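Participant: need a 3D model of the sequence below.
(one chain, ligands or ions: 1)
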Amino acid sequence: MDIYFIFEKWGKEHMTQDELKKNVAKAALEYIPENAIIGVGTGSTVNYFIDFLATIKYKIQGAVASSKATEARLKSLGIPIFDLNTVSEVEITIDSADAYNPYCQLVKGGGGALTREKILAAASHTFLCIVDESKETKIFGTFPIPIEVIPMARSFVAREIVKLEGNPVYRPNFITDNGNIILDVHHWVIAEPIKLERTLNNIPGVVCNGLFADKPADTLLISTQQGLKIIKNKLSG
Ligand code: 5RP
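Facilitator: As a prediction, the model looks like this:
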């Protein structure tokens with residue numbers, strides 16, 4: 001794992017979380033290749049990125065969106081939308097996360113878009129994750145792990161999670177873009193994220209879970225009060 005610190009001051013001290021999100025979103029523009037089709041995640045950090053992307057929209061062919069909300073924002077700014085099924089390659093996906101560790105592993109899905117986000121990340125040559133330093137986590141479990149579940153399997157999956165010593169909480173009044181429900185699992189202390197991610201994937205009725213450990217981000221851009229910190233996952237080449 002290569003870690004670089006760029007102590008390039010942001011131009012202001014004591015920034016709010018929103019200001020940190022905005023700065024890292026802007027820094028991601030440097031990673032956008034010319035004429036590419038890019039993947040775009042979901043959430044408030046990514047919304048800032050989309051706004052910056054609009055300023056260079058003529059440089060790219062367009063974007064594949066990870067959610068209906070992202071698609072609407074991209075469209076409103078005149079950025080062409082592509083369906084993943086019609087695209088031969090996605091060069092890079094830019095997304096954020098709810099938690100990250102030093103190995104570029106993530107917890108995602110606070111906004112409920114985890115399934116399409118995981119598909120896009122897997123279908124892209126490079127997965128660039130943009131976060132602020134408040135999301136750093138040594139051992140996952142502090143942020144509840146979202147699990148997208150087929151509605152008829154809700155109780156069964158919840159019982160299976162209890163067997164794994166998690167505390168599943170049904171996310172009220174929320175249906176994913178795929179028509180499913182979310183269970184947020186609290187009180188897990190996750191020592192082996194890859195193992196748990198695979199175990200969850202094997203429960204019938206689970207569509208996807210918010211652990212992005214088996215395939216971590218290739219690069220993490222972290223917005224800190226001191227400046228931009230970059231972690232590159234060497235294993236991803
Ligand atoms: C959505 C996500 C988001 O990336 C995650 O929730 C972070 O959101 P924000 O940028 O608003 O803090 O995984 O499913």
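Participant: in the chain, which spans are helices?
Facilitator: 17-27, 44-53, 68-76, 114-123, 154-163, 193-201 (DSSP state H).
Participant: so can I have CSV of those showing distance to the ligand and mean pLDDT?
Facilitator: Placement of C-beta: from N, CA and C, glycine included. Compiled in CSV, the helices of the chain are given as follows (distance: least, C-beta to the nearest ligand atom, whole Å; pLDDT from 0 to 100):
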stretch, distance to the ligand, mean pLDDT
helix 17-27, 6, 97
helix 44-53, 3, 98
helix 68-76, 9, 98
helix 114-123, 5, 98
helix 154-163, 19, 98
helix 193-201, 15, 98
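Participant: the ligand versus residue 108, what's the distance?
Facilitator: Relative to the ligand, residue 108 is positioned 3 Å away (C-beta to the nearest ligand atom, to the nearest Å).
Participant: hmm, residue 115 and that residue touching each other?
Facilitator: No: with contact defined as C-beta atoms under 8 Å, residue 108 does not reach residue 115; the gap is 10.1 Å.
Participant: residue 30 - how many residues pack around it?
Facilitator: Taking other C-beta atoms under 10 Å as the neighbour definition, residue 30 ends up with a count of 8.
Participant: what's the pLDDT at it?
Facilitator: We have a pLDDT of 96 for residue 30.
Participant: one more: the one 4 residues further on?
Facilitator: The confidence metric pLDDT takes the value 97 at residue 34.
Participant: excluding sequence neighbours, find me the nearest residue to it.
Facilitator: The shortest distance from residue 34 to any non-neighbouring residue, by C-beta to C-beta, 6 or more residues apart in numbering, is to residue 59 (5.5 Å).
Participant: give me every residue that touches the one you found.
Facilitator: For residue 59, the residues meeting the contact criterion (C-beta atoms under 8 Å, 6 or more residues apart in numbering) are 32, 34-35.
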